[in-house]
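>>> sharing a model prediction with you, sequence too.
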2 protein chains.
Amino acid sequence: MAAAAPPPPPSAAPEPSMAPPETTPLGHPLFTRIRLAAPSDVPFIHKLIHQMAVFERLTHLFTATESSLHSTLFRSPPFDSFTIFILEVSSTPIPPLPSIYPSFTSIEKTFNFDIPINDPEEDAFTVNFGKDQIIIAGFVLFFPNYSTFLGKPGFYVEDLFVRQCYRRKGFGKMLLSAVAKQAVKMGYGRVEWVVLDWNINAIKFYEQMGAKVLPDWRICRLTGDALQAYENANV
Amino acid sequence: MAAAAPPPPPSAAPEPSMAPPETTPLGHPLFTRIRLAAPSDVPFIHKLIHQMAVFERLTHLFTATESSLHSTLFRSPPFDSFTIFILEVSSTPIPPLPSIYPSFTSIEKTFNFDIPINDPEEDAFTVNFGKDQIIIAGFVLFFPNYSTFLGKPGFYVEDLFVRQCYRRKGFGKMLLSAVAKQAVKMGYGRVEWVVLDWNINAIKFYEQMGAKVLPDWRICRLTGDALQAYENANV
């Protein structure tokens, strides 16, 4: 399921300005960071995927376990295969992370809001880095795809999810932009994802981000018993 | 561009039977093999992709060069990333290939046709393996994708192409089945690809192969200048 719970178009939820006008007293700062996920994030990632399944009313299709995620993710260096960016937020400044991979540096950004965000699930999504309490607010999972016409790779965004209390604040855009920026950095030709055709707000939002929606292509999926039937196929 | 030039539904072009009825004199056998592509196949792959662009009337989008293919393909073991199966045909038996990768063994199959296939491009697509003359007839390019709901990988088929004189003979089905079989072998959850919504014959064919066409999802694509704009984005 791709790009679940996209943020609405900016017209519905204006981006908070990076710094408030000088005449406005400082509001409630929220410090954010986008970093690469690590195996220790799997319990959080599993909970986020489950929330996405609930949001999409597709829990009957949700069979992922922490174990299945552990055994299928983090098997390649980031960007070579399935890659996850984690969005973290904190009410106190988040210290920069050391760059483990030369191809990526964590992204920090500070927002200011008029009212503080009330996160009812804070305890379930808190990571403790030493004395710092950091909350996981969302994630994006993507992996390389390939265009034979361009003769080069791109990225396909499989999932983008921001927890409910953090929506409509520009975080979805921040995550998707981070993937696009990484694609440019790597000399890739495209970033692609899918959207439900009735989700007009999401489509408008993506178009404002520069994406084109391709009207004519449909996804074909071979799965379950229909796929298993090929186990002994005499191809 | 995915799944170009799919074979028509079997009703329009019945599969040739594996062996003719005993009362029929032997026709014209065609020996086929599906094997993993190697870097030495790049000149052929480049020509096949160009033919696909011509077929789709999308040559204005075709910018791949042999050099760009060389530098972006064959950088990972097969199935870990972009993977190509090559379809070869010959009028004489094709010797089995040694298995270099334990996860894949080349697939051989013999067809019998009433009339021989006239291949006007034979010279341009002939590979010489020792004394054996083998002709490249098509390819399929695919790579791993990921379902967070299943918590496991699948395969995405980016391109499937069979040269014109070899179409409507079951070779497209053979290539797609080989990918499906490999997915089952690896314990993967899905095989996906896209099809143009007006291509009713292709849709019927894929449905007969067990695929479901998802009506509601649309592809979003960020490319060209719109993607480059994220180079210095303050995400």
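Great, that's in hand. Residues are numbered from 1 along each chain as shown, chains lettered A, B, ... in the order given.

>>> now for A:Leu61, how many residues are close by?
14 (other C-beta atoms under 10 Å in any protein chain shown). From N, CA and C alone the C-beta is placed, and that goes for glycine too.

>>> grab the nearest non-local neighbour of it.
Computed as C-beta to C-beta, 6 or more residues apart in numbering or on different chains, the closest residue to A:Leu61 that is not its neighbour in sequence is B:Phe149, at 4.9 Å.

>>> quick check: that neighbour vs A:Thr65, distance?
Using C-beta to C-beta, to the nearest Å, one gets 11 Å for the distance from B:Phe149 to A:Thr65.

>>> likewise for A:Ala229?
25 Å.

>>> okay, those two: which has more neighbours?
Legend: neighbour count by other C-beta under 10 Å for A:Ala229 and A:Thr65, higher for A:Ala229 (16 against 12).

>>> what about A:Pro95, how many residues nearby?
15.

>>> please name the residues that touch the residue nearest to A:Leu61.
With contacts defined as C-beta atoms under 8 Å, 6 or more residues apart in numbering or on different chains, B:Phe149 is in contact with A:1, A:49, A:53, A:58, A:61-64.

>>> how far away is it from A:Arg218?
For B:Phe149 relative to A:Arg218 (C-beta to C-beta), the value is 20 Å.

>>> where does chain A have its least confident helix or strand?
None of the helices or strands of chain A scores lower by mean pLDDT, DSSP states H and E than strand A:126-129, at a mean of 84.

>>> neighbouring strands - and their directions - for the next helix or strand along the chain from that strand?
Remark: after strand A:126-129, the chain's next helix or strand is strand A:132-147, criterion DSSP states H and E. Strands that pair with strand A:132-147, judged by DSSP bridges, come out as strand A:83-90 (antiparallel), strand A:126-129 (antiparallel), strand A:152-162 (antiparallel).

>>> tell me the helix or strand right after the last one.
This means strand A:152-162. Using DSSP H and E, the next helix or strand after strand A:152-162 towards the C-terminus is helix A:171-185.

>>> cool, and the first one?
The helix or strand immediately downstream of strand A:83-90 is strand A:107-113, counting by DSSP H and E.

>>> shaky segments in chain A?
Low-confidence regions of chain A, defined by pLDDT under 70, span residues A:1-26, A:130.

>>> apply 80 and report the result again.
A:1-26, A:96, A:99, A:128-132, A:235 (pLDDT under 80).

>>> which non-adjacent residue is nearest A:Asp161?
Not quite, residue A:161 is Phe, not Asp. Nearest residue to A:Phe161 in three dimensions, chain neighbours excluded: A:Met52, at 4.7 Å (C-beta to C-beta, 6+ apart).

>>> was I right about the one you found contacting A:Arg163?
No: here A:Met52 does not reach A:Arg163: they are 9.8 Å apart, not a contact under C-beta atoms under 8 Å.

>>> residues in contact with the residue nearest in space to the middle of chain A?
Nearest to the geometric centre of chain A sits A:Val140, at 1.9 Å (C-alpha atoms, centre = their mean). A:Val140 makes contact with A:84-85, A:87, A:157, A:159-161, A:175-176, A:178-179 under the criterion C-beta under 8 Å, 6+ apart.

>>> okay, buried residues for the helix or strand containing the residue nearest to A:Phe161 please.
For A:Met52, the host element (DSSP H and E) is helix A:42-55. For helix A:42-55, burial by neighbour count (16 or more other C-beta atoms under 10 Å in any protein chain shown) applies to A:42, A:44-49, A:51-53.

>>> now stretch A:164-177
Buried-residue list, stretch A:164-177, by 16+ other C-beta under 10 Å: A:166-177.

>>> and A:Ala226, that's in a helix?
Yes: checked against DSSP: H, G, I helix; E, B strand; the rest coil, A:Ala226 lies within a helix.

>>> how many residues are close by it?
Applying other C-beta under 10 Å, we find 16 residues neighbouring A:Ala226.

>>> ok, A:Gly187 next?
Counted with other C-beta under 10 Å, residues neighbouring A:Gly187 total 10.

>>> wait, it sits on A:Lys152?
Yes: applying C-beta under 8 Å as the test, A:Gly187 and A:Lys152 come out as touching, 7.1 Å apart.

>>> A:Glu207: what secondary structure?
Following three-state DSSP, A:Glu207 is assigned to helix.

>>> and the residue lying closest to it once chain neighbours are set aside, what element?
Closest residue to A:Glu207 apart from its sequence neighbours, by C-beta to C-beta, 6+ apart: A:Val213 at 6.9 Å. Assessed by DSSP H and E, A:Val213 sits inside strand A:212-214.

>>> sounds good, over and out.
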